[in-house]
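**Student:** model the structure of this input:
(chains A, B and C)
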Amino acid sequence: MSDAAERETEDKTPRQQDEAPREPVRHLYLVDGSGYIFRAYHKLPPTMTRADGTPTHAAYGFTNMLLKLLRDIGARDAIAVIFDADGKSFRADIYPEYKANRPELPEDLAPQFPIVRDAVRAMNIACIEEPGYEADDLIASYARRAEEAGAKVTVISSDKDLMQLIRPGVEMMDPMDGRIIGPEDVEKKFGVEPGKVIDVQALWGDSVDNVPGVPGIGQKIAAELIQQYGDLENLLSHAEEIKQKKRRENLIEFAEQARISRELVRLHDDMELDHCLEDLRAHEPEPDKLRAFLEENGFKSIATRLGLDDGAQQVAAPETAEAAYELVQDMDRLRAWIDEATRQGIVAVDVETTSLDAMAAELVGVSMATAPGRACYIPLAHKGEGDGSLDFDGKGGAPEQVPFEAALDALRPMLADPGVLKIGQNIKYDCVVLGHHGVEVTPIDDTMLLSYVLEAGKHGHGMDELARLFLDHETIPYKDVAGSGKSQVTFDRVPLDKALDYAAEDADVTFRLHALLKPRLLQERMVTVYETLERPLSPVLSRMERNGIKVDPGVLRRMSQDFAQRMAELEEKIYELAGERFTIGSPKQLGEILFEKMSLQGGRKGKSGAYSTDADVLQTLAAQGHDLPARVLDWRQIQKLKSTYTDALQDYINPRTKRVHTSFQQAVASTGRLSSSDPNLQNIPIRTEEGRKIRQAFVAEEGNTLLSVDYSQIELRLAAHMADEESLKKAFRDDLDIHAMTASEVFGVPLEGMDPSVRRSAKAINFGIIYGISPYGLAQNLGIDQGAARDYIKLYFERYPAIKGYMDEKKRSAVDDGFVETMFGRRIYLPEIKSKVPGRRSFSERAAINAPIQGSAADIIKRAMIRVLPALEDAGLGARLLLQVHDELLFEVPEAEVEATTRLVREVMENAAAPVVDLSVPLVAEAGTGRSWAEAH
DNA sequence: AACGTCCCGTAC
DNA sequence: GACGTACGGGACGTTA
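**Tutor:** Down below sits the predicted model:
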């Protein structure tokens, strides 16, 4: 018999209204009924059933747990079991999806809920629920009421949603082991004090209850943010300040969702309550009632234990609604689509392949759109599903498709028809792939380039982003059709119905984007940039990518081997010096070795509070005579060269062409520059002796020579022109050493016998000008203090006042217009130029200075690239353009034509600004040739 | 397992 | 905090 029961039994007083006032309730126990029953359900094996077959194991466990609890509480205690009422709670009104994807109750649990309610009543315990509210709200409200009455509260549950209630006077208890869950446990789970739990949950969300939260933010980050900003509202109003781009954007975009989430998890403690504290006071169970319950459910062992056994025998036991996409599987339908495209004179085209790498990709299918919502997909090389093996009913076989070559033959005339405009999103990719099959695609329009020209700096230009932005449409994620991770398949294994949805959507979206964006060229005066720069450049880049460059794998392999050996030696030495083995490549571990174990001086920096171990820091330490940092510097250099270049490049050699085919990105860099990836051939080392050797692996085909032609100081020249800085312009016209001259002007030293360090300083300032100089940056660069750097800049501006004027003007116009322009009219938007966060604003200000300069140079070399191919052709020269590296063009030239080609290329490059821009400074292009890129540059 | 971020380093 | 534009590798932490 329980203690409570004994006490009650001893005084033998039946409960009566007129009984003398008892001492007030001092402690209220609130049992989270659902949580309780779930715990019981999962803890016990599902073996028990009632005589009628109803499963009872959860109810049994529940009854046991509740009896145990009842035994442990006293006469001055109150107790209630709270359940969720059936039906939707008010939270579903705030957020319809709330608990929407909650799985159905297990089949063997649902029928146990009525039993459990009976159990509670049989024990003479109040059983409370309230339609429209959840148990948690009732618990919160009763806890509040008890607290106001001066009673302590224990909530029996381990549900994290209740943890927000923990405060002095309100504790939680784990129903399984009786452990008290205190503020420390909450801290452990949420990373914040209980009072801030709901703010954390608002960000974190809850997949079980379908509370959305903010994407990409989990417990860890949520706690960090709430710690820092105090609460959700304050965080949201300072969301702008968050450093991490993705996180910042999500916080802004999903701010309302976070508020709703907070509202969803916030418990209401102000409900009207049906019971006062006294009503809930613990009573002795009424034996008859309890016995009846136990018997009915076959809980014989409990009855026996409680002495209630009367000997009775029991048995123990998609959105694409408007679009009509067509799957084209026969020649007739294909011809019909081709005819329609030809009649219309405009068609959006998209190819599906097996790879993102255009040169390695196998063509799998083609989609077309001829009007918004009107699109088709023509599968050409789809295989059966699964692993391709045939199963006995033949399902693994390839689906019905138009024969590959026949389809291409049918498409070819339309794709090359000058009267039919082919629209693509990043159509260069499609051109390269189709180019393999001897299919020329012309003329073209590219929605990615349209967006790039119209909105550079505002956002990216990938199709998903454009669809979202301009069409308010979410495209089907690739992983939804092809899977991801281990289960990912190539597109030729995607079932045709899915392939149709995906591929036709791409063409459809492209068509719609084009209809939206193309007219804006004229309205926004961007026709020229698009028509004379980006659009004609696209086929040039296609050509370059298909050309590729020959890379000698033997050279790379030998270098990799050499590097591996040297790294191993250095590692030995480094471990010896450190006195332990560690991951040298981990800045964190290295920092700990250097600054903690060896206690070298070098302090912290960086926002994460980690030690910086960059080359600057290591250099300084090495200069103080420390061997370890010096070795790590060597190790780092070799590791970089090996992993990024000599190892990685070998993997990029196309087995078919034996060449490396980079991909040029035409719509990535906001200034108008190109970028190169997979592999990036625009950052092959050159500055150090060791690194430069990698260029020896880039070689000309037999009988050819590499020709490198690069612009000399093009950005500084353009800066001089644009700022109209007469003295600089004159220096360029006189072909002076510009850095030496700057040194002479700024520091007042004679050109003759100039100290190289003085010239180096001037060079750093000149570079700083292009980047939108700051005293910090210059100081960093020159290894001087900021004061000195500030003086240099001041001196520089005094000598070149027009430069200063140019910078101020750019900043001003950027603020006024929201964008800056290159000499050729390319616009670069600077959406953060008015930001109230100083760091971001100054970032935009520097970009406002740099973008017109860098962008104008980019325009010029693009013009040269566009012109040089027909010029070579006209001259009957066989040179092929292989690479562009911002101010350099690299050609592969038949040996006999080197001289003529050099002359022609220099000519084209030096006059590339004309006739649109009449430069007041000369452009100079310098040429070099050799068997390898190392020799040619 | 996939992703994002950080740190670092390469190019112009 | 921290000079412009990129890409990428490795470490690491978080999310799911």
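**Student:** shaky segments in the stretch 601-750 of chain A?
**Tutor:** A:603-609 (pLDDT under 70).
**Student:** can you map out the helices along it?
**Tutor:** A:615-623, A:627-640, A:648-651, A:689-692, A:714-723, A:726-733, A:738-747 (DSSP state H, counting those that start in this stretch).
**Student:** which one of those lies closest to DNA strand B?
**Tutor:** Minimum separation from DNA strand B across these (CB to the nearest atom of the strand) falls at helix A:615-623, 3.6 Å. Every C-beta, even on glycine, is put in place using the N, C-alpha and C of the backbone.
**Student:** so the closest one versus helix A:627-640, what angle?
**Tutor:** Using axes from the mean of the first three to the mean of the last three CA atoms, to 10 degrees, the direction of helix A:615-623 lies 140 degrees away from that of helix A:627-640.
**Student:** what's helix A:615-623 packed up against?
**Tutor:** Counting contacts by 3 or more CB pairs under 8 Å, 6 or more residues apart in numbering; DSSP states H and E, helix A:615-623 is packed against helix A:627-640.
**Student:** report all helices and strands that the helix it packs on contacts.
**Tutor:** Helix A:627-640 sits against helix A:553-578, helix A:615-623, helix A:689-692, with contacts defined as 3+ CB pairs under 8 Å, 6+ apart.
**Student:** so the longest one, near DNA strand C or not?
**Tutor:** Spelled out, it's helix A:553-578. No - Helix A:553-578 stays clear of DNA strand C (CB under 7 Å from any atom of the strand), getting no nearer than 11.4 Å.
**Student:** in that helix, what counts as buried?
**Tutor:** A:555, A:556, A:559, A:560, A:563, A:567, A:570, A:574, A:577, A:578 (16 or more other CB atoms under 10 Å).
**Student:** between those, which sits nearest residue A:446?
**Tutor:** In terms of CB to CB, no member of the buried residues of helix A:553-578 lies closer to residue A:446 than residue A:556, at 34.4 Å.
**Student:** what about that closest one, distance to residue A:274?
**Tutor:** The span separating residue A:556 from residue A:274 equals 80 Å under the rule CB to CB, to the nearest Å.
**Student:** okay, the closest residue to residue A:906 other than its chain neighbours: pLDDT?
**Tutor:** Distances taken as CB to CB, 6 or more residues apart in numbering place residue A:925 nearest to residue A:906, at 4.7 Å, with adjacent residues excluded. At residue A:925, the model reports a pLDDT of 95.
**Student:** just checking, residue A:925 touches residue A:904?
**Tutor:** No - the criterion here is CB atoms under 8 Å, and residue A:925 misses it with residue A:904 at 11.1 Å.
**Student:** outline the domain layout of chain A.
**Tutor:** Segmentation of chain A into domains, based on automatic domain parsing, reads A:3-189+A:268-305, A:322-548, A:549-660, A:715-856.
**Student:** show me the contacts for the residue nearest to the spatial centre of chain A.
**Tutor:** Nearest to the mean C-alpha position of chain A, counting by CA atoms, centre = their mean, stands residue A:246 at 6.1 Å. Contact analysis of residue A:246 by CB atoms under 8 Å, 6 or more residues apart in numbering lists residue A:216.
**Student:** would you map the helices across the stretch 101-250 of chain A?
**Tutor:** Going by DSSP H, counting those that start in this stretch, the stretch 101-250 of chain A shows helices at A:112-122, A:135-148, A:183-190, A:197-204, A:219-229, A:232-237, A:245-253.
**Student:** mean neighbour count, those helices: which tops it?
**Tutor:** Scoring the helices of the stretch 101-250 of chain A by mean neighbour count under mean count of other CB atoms under 10 Å gives helix A:197-204 as the most buried, with a mean of 27.
**Student:** helices and strands around that helix, which ones?
**Tutor:** For helix A:197-204, the packing partners by 3+ CB pairs under 8 Å, 6+ apart are helix A:183-190, helix A:219-229, helix A:232-237, helix A:255-265.
**Student:** closest one to DNA strand B among these?
**Tutor:** With CB to the nearest atom of the strand as the criterion, DNA strand B lies closest to helix A:219-229 of those, at 9.1 Å.
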